[in-house]
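K.L.:
Need a 3D model of the sequence below.
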Amino acid sequence: MDSQSNEVYSNYSFLLEKTHKKIKQYAKQQFRALGFDVTVDQWAVLKILFENQELSQVALAEFTHKDTPTVTRILDLLSQKELIKRQHDAQDRRRVRVCLTEAGKNTVTKMLPEVRKIRMHAWKHLTEDDFQQFVRILNTIYDNLEP
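P.N.:
Alright, predicted model coming up:
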């Protein structure tokens, strides 16, 4: 592969990164406009807990693709907002389990329809075939980066 081809592929990676940031910025703006009292990263944790009911902090880090200290900070903030609660595992006191409070479940239920609209905004003007190709390409790139 020549240097010109390398530059083109580098631009694709930059475009992917730029698009990811733009999606997150758009969601952040919409969350603020809708008066949501959680960040995009906090939302990701809330939704994962909503879908899984109870997880360890390690599992949450894996699901969100964030490091453990970042997840701990997010959980601290969600706990202050009384949206999650932490409990020590009955079999292993070193392990902490995290679940939503009733307020957390209500928050997710309230936000979910609006978050779906926000996410769909990025997909407008794309056909089902476009979407399938996009998913196939992203999965191939992801698989290429597996050890």
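K.L.:
quick one: average pLDDT of stretch 70-77?
P.N.:
For stretch 70-77, the mean per-residue pLDDT is 95.
K.L.:
And for stretch 103-113?
P.N.:
The model assigns stretch 103-113 a mean pLDDT of 96.
K.L.:
Equivalent analysis for stretch 136-147, please.
P.N.:
Throughout stretch 136-147, pLDDT has a mean value of 89.
K.L.:
Could you give the backbone dihedrals for Q91?
P.N.:
The phi/psi pair for Q91 (degrees, to the nearest 10) reads phi -80, psi -30.
K.L.:
Run a quick neighbour tally on it.
P.N.:
6 (other CB atoms under 10 Å). C-beta: built from backbone N, CA, C; applies to glycine.
K.L.:
before we move on, what about D143?
P.N.:
There are 8 residues near D143, going by other CB under 10 Å.
K.L.:
Quick check: V98 vs Q57, distance?
P.N.:
With the distance defined as CB to CB, to the nearest Å, V98 ends up 6 Å from Q57.
K.L.:
Quickly list what's touching both of the two.
P.N.:
L75 (CB atoms under 8 Å, 6 or more residues apart in numbering).
K.L.:
what about these two, which has more around it?
P.N.:
Per other CB under 10 Å, whichever of V98 and Q57 has more neighbours is V98, with 22 against 17.
K.L.:
which stretches of this protein have low pLDDT?
P.N.:
1-9 (pLDDT under 70).
K.L.:
let's go with 80 and repeat that
P.N.:
Scanning the chain for pLDDT under 80 picks out 1-10, 89-95.
K.L.:
which residues of this protein fall in helices?
P.N.:
Secondary structure of the chain, counting by DSSP state H: helices at 3-33, 40-52, 57-64, 68-80, 102-123, 128-144.
K.L.:
Now for R136: which residues touch it?
P.N.:
With contacts defined as CB under 8 Å, 6+ apart, R136 has no neighbours.
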